[in-house]
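Asker: Quick check, what structure comes out for this input:
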Amino acid sequence: MRVHFIAIGGSAMHNLAIALHLKGYQVTGSDDEIFEPSKGRLDKYGLLPAKIGWDENNISSNQDAIILGMHARENNPELEKAQKLGLKIYSYPEYIYEQTKKKRRIVIGGSHGKTSITSMILHVLNFHEIDHDYMVGAQLEGFECMVKLTENAKIAVLEGDEYLSSPIDRRPKFHLYHPNIALLSGIAWDHINVFPTFENYVEQFKIFIDKIEPNGTIVYCELDDKVKEVSEKAAVNVKQVPYATHKHRIENGVSIVEDEYGIEHALEIFGEHNLQNLNGALLVCEEVGVSKPDFYAAIQSFSGASKRLELVKRTENSVMYKDFAHSPSKLKATTQALKTQFPERELIACMELHTFSSLNKEFLSQYDGAMKNADKAYVYYSPKTLAHKKLQNLSPEEVKQAFNSDNITVFTDSKELVGNLKTNNWRNKNLLMMSSGNFDGVDFAELGEELLS
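Answerer: This next block holds a predicted model:
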């Protein structure tokens, strides 16, 4: 098979390119910009384009498939050439389905927890050497690539993102996977630039439920009223399996779960949402034949997905974590998790308004109380990012008012924020850094060493 990637440098795209290369396909690609770690990883496998930029000569009639990434535009010259030649053009999720349509597909959906739940399932299957294909949205410890596609695996575990598929396919990605087993973790309005109302956003999850194959299963978090509502309207031939927070206790900062036989298992992860995620992963694993004892034996060593409550630095009396959290529901869950785990320590939580939704004045009110669980909450945003995204200006006063809690301090200069952190005595204090960016270039590992050592 000859496959060409238009916009090969994307996080998901370059991993799919590597997976197909490892499967024995002839893979080529192009992009107008490629950054690390994509650049180095493509180069390692001999897939880095010889030159940067688009060139219609990259497209020829002997190519079996063109895979189009979101970074490309509708008038991309390579796309136009492929359309003119009548080549088969796939979005990323379409091609994932094409590769897995004869397998039993497990698709993890939801506004939050997708990556963590998918990672837990993969960890358990890997621990017990159960062959599987997969696609996950974060780099995992022990996994070379975020995508694996083979001929022989009977099951495929896919993280189901609700964002758009490609510039010429405006369907949410998770509508294209047609799960045999689906999981829905939570629904909290996101991607306001694509889904302008909450009702429109919820509708995408209803469609996801409707796409479950006949005689399939929906595993869902019954603690989320909207999730419960849409899941219970699944087709009559779809089995409904609800879950809640796994029973647990906290001892010396460690979460401990108890199995049905009364045996206790200490975990490396923590937080109420992670204990819900664990329960959902357990039920999915049972659906594919993993026993409860086998699940608990494996999950004890699960340390979490990259940037999902990821430990940066630990000392005897303080910890620093980083997290991908940026939406209101994620901020609430992550700050609450760390405060509950270490109730005797002061929590200083920092978040960056970085996404289109989070910087939108109409959406900003959704952050009401989102960081109230922190003792001190620092909110940072860059006026340059606002200008780059062509959004209305925001004042620090407007941001503080939107978060609506007395513990909020707003920064528009990341160096000033870091300088403030450096004035603290970190004994019996924890630090949480939350962003889908990096606070304009902050090296978290370096910062952790400097603050907590």
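
Asker: can I see the domain layout of the protein?
Answerer: Domain ranges of the chain: 2-87, 95-299, 310-452, per automatic domain parsing.

Asker: any idea how far the shortest one is from the chain center?
Answerer: Mean C-alpha position of domain 2-87 versus that of the full chain (Cα atoms, centre = their mean, to the nearest Å) differs by 23 Å.

Asker: next one: stretch 136-145
Answerer: On Cα atoms, centre = their mean, the centre of stretch 136-145 falls 12 Å from the chain's centre.

Asker: Any buried residues in it, and which?
Answerer: 136-140, 143, 145 (16 or more other Cβ atoms under 10 Å). Placement of C-beta: from N, CA and C, glycine included.

Asker: Equivalent analysis for stretch 315-330, please.
Answerer: Residues of stretch 315-330 classed as buried: 318-330 (neighbour count, 16+ other Cβ under 10 Å).

Asker: now, among the residues you listed, which is nearest to residue 10?
Answerer: Using Cβ to Cβ, residue 324 is the member of those that sits closest to residue 10, with 16.8 Å.

Asker: ok, now which ones touch the closest one?
Answerer: Residue 324 is in contact with 115, 138, 307-308, 330, 434-436, counting by Cβ atoms under 8 Å, 6 or more residues apart in numbering.

Asker: Tell me which of those fall in strands.
Answerer: In strands, defined here by DSSP state E, the members of the contacts of residue 324 are residue 434.

Asker: what's the closest of the contacts of residue 324 to residue 155?
Answerer: Nearest to residue 155 among the contacts of residue 324, with distances taken as Cβ to Cβ, is residue 115, at 18.5 Å.

Asker: still on that earlier bit, tabulate the domains of the chain in TSV, adding columns for mean pLDDT.
Answerer: Putting those into TSV (pLDDT from 0 to 100) gives the following:
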stretch	mean pLDDT
domain 2-87	96
domain 95-299	94
domain 310-452	93
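
Asker: And the strands in the stretch 351-453 of the chain, which stretches?
Answerer: Along the stretch 351-453 of the chain, the segments classed as strands by DSSP state E, counting those that start in this stretch run 376-381, 408-411, 429-434.

Asker: List the contacts of the most centrally placed residue in the chain.
Answerer: Centrality entry for the chain: nearest residue to the mean C-alpha point is residue 115, 4.4 Å, by Cα atoms, centre = their mean. By Cβ under 8 Å, 6+ apart, the contact set of residue 115 is 136-138, 159, 305, 308, 324.

Asker: Residue 13 too?
Answerer: 5, 7, 29, 67, 69, 71, 92.

Asker: swap in residue 303?
Answerer: So residue 303 contacts 141, 268-269, 311 (Cβ under 8 Å, 6+ apart).

Asker: Tell me the most packed of those, by neighbour count.
Answerer: The residue in the contacts of residue 303 with the most neighbours, by other Cβ atoms under 10 Å, is residue 269 (21 neighbours).

Asker: any idea how far residue 437 is from it?
Answerer: Between residue 269 and residue 437 the computed distance is 24 Å (Cβ to Cβ, to the nearest Å).

Asker: repeat for residue 140
Answerer: Distance, residue 140 to residue 437, by Cβ to Cβ: 21 Å.

Asker: and what of residue 451?
Answerer: Between residue 451 and residue 437 the distance is 20 Å, computed by Cβ to Cβ.

Asker: same check, this time on residue 303
Answerer: Going from residue 303 to residue 437 by Cβ to Cβ gives 23 Å.

Asker: and what of residue 36?
Answerer: Distance, residue 36 to residue 437, by Cβ to Cβ: 15 Å.

Asker: Comparing those two, which shows the higher neighbour count?
Answerer: More neighbours surround residue 437 than the other of residue 36 and residue 437, with 17 against 7 (other Cβ under 10 Å).

Asker: hang on, that one packs against residue 350?
Answerer: No - the pair residue 437 / residue 350 is not scored as a contact, 12.0 Å apart, by Cβ atoms under 8 Å.

Asker: wait, residue 331 sits on residue 435?
Answerer: No - applying Cβ under 8 Å as the test, residue 331 and residue 435 come out as separate, 10.5 Å apart.

Asker: out of everything not next to it in sequence, what's closest to residue 439?
Answerer: Excluding the flanking residues, the one nearest residue 439 by Cβ to Cβ, 6 or more residues apart in numbering is residue 414, at 4.6 Å.

Asker: Would you mind confirming that that neighbour is in contact with residue 382?
Answerer: Yes - the pair residue 414 and residue 382 passes the contact test of Cβ under 8 Å, sitting 7.4 Å apart.

Asker: Touching both of the two, which residues are there?
Answerer: Common contacts of residue 414 and residue 382, defined by Cβ under 8 Å, 6+ apart, comprise residue 440.

Asker: Can you list the residue ranges for strands in the stretch 1-150 of the chain?
Answerer: 2-6, 26-30, 65-68, 89-91, 104-109, 133-135, 147-148.

Asker: Can you report how many residues neighbour residue 210?
Answerer: By other Cβ under 10 Å, the residues close to residue 210 number 13.

Asker: before we move on, the earlier item: out of the buried residues of stretch 136-145, who's nearest residue 281?
Answerer: Among these, residue 136 lies closest to residue 281 (Cβ to Cβ), at 12.6 Å.

Asker: which residues in the stretch 201-350 of the chain form strands?
Answerer: For the stretch 201-350 of the chain, the strands defined by DSSP E, counting those that start in this stretch cover 217-221, 239-243, 248-251, 254-258, 264-266, 310-314, 319-323, 346-353.

Asker: strands paired with the last one, and their directions?
Answerer: According to DSSP bridges, the neighbouring strands of strand 346-353, each with its direction, are strand 376-381 (parallel), strand 429-434 (parallel).
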